[in-house]
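Undergrad: with the sequence up front, the predicted model follows.
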Amino acid sequence: MTDSTTVDSSEKVARILSTEWFVDGQLMNVAYTLLEGETYISVNRPVINTYDSDVAGFVAKHDKYLFGPDKYKRAILCVSDIRAIKVDAFGEPLRINVEVEPRDSHTKSHAGIFTRYENKNVKRGDTLNHLDKEISADDVLIKVRTQLLNLTTVEQMTLYKSDESIESVPRHS
């Protein structure tokens, strides 16, 4: 496990939302799905001074995160509520935490929501084992996703623009 720093429980984090995660205007729990090989759900910390420019840079590169000209949506979650999520495997509670894991590829405001069982990151496709029993990590992670969705407040936001136009950044669909 990489060295990481725990985000303060009093903070809120934001998940930048894709248009693909909405059905009939409703956010679906797929917004909190781990991709193959991922160990955390990416979020950003609005209290960090680079948050606006970090998000603007990300959204400007990916059309599926735009909800109109210069508009994006975010899911706001309280860190203390995330940590209070109750999901277990074999009667043992999983630990849900929000942490900053330092990597060169991350922006300053980036953080992650980690789900751990026996101090190991739970990843999509894994199998959790206890004695002679096993369960799919996916079955556990869907419970976490559902609870994250229940804690979510969706907000539509206007993209931050610096002196350099965000339109000059190459886009990926």
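TA: All right, it came through fine. Computed from a predicted structure; not experimentally measured.

Undergrad: all strands for this protein, in order.
TA: Secondary structure of the chain (DSSP state E): strands at 5-6, 12-16, 22-23, 26-27, 40-44, 71-78, 88-89, 92-93, 95-100, 110-117, 120-121, 127-130, 133-136, 153-158.

Undergrad: any low-confidence regions in this structure?
TA: For the chain, the stretches with pLDDT under 70 are 1-2, 162-173.

Undergrad: what about 50?
TA: 1, 164-173 (pLDDT under 50).

Undergrad: biggest helix in it by residues?
TA: helix 137-151 (DSSP state H).

Undergrad: what's the spacing between the residue of the chain most remote from its centre and residue 90?
TA: Distance from the centre of the chain peaks at residue 132, with 32.5 Å (C-alpha atoms, centre = their mean). To residue 90, residue 132 is 11 Å away according to C-beta to C-beta, to the nearest Å. Yep, even glycine has a C-beta here, placed from its N, CA and C like the rest.

Undergrad: same question, residue 40
TA: 22 Å.

Undergrad: ok, residue 32 next?
TA: From residue 32 to residue 90 the distance is 23 Å (C-beta to C-beta).

Undergrad: please consider this matter closed, and thank you.
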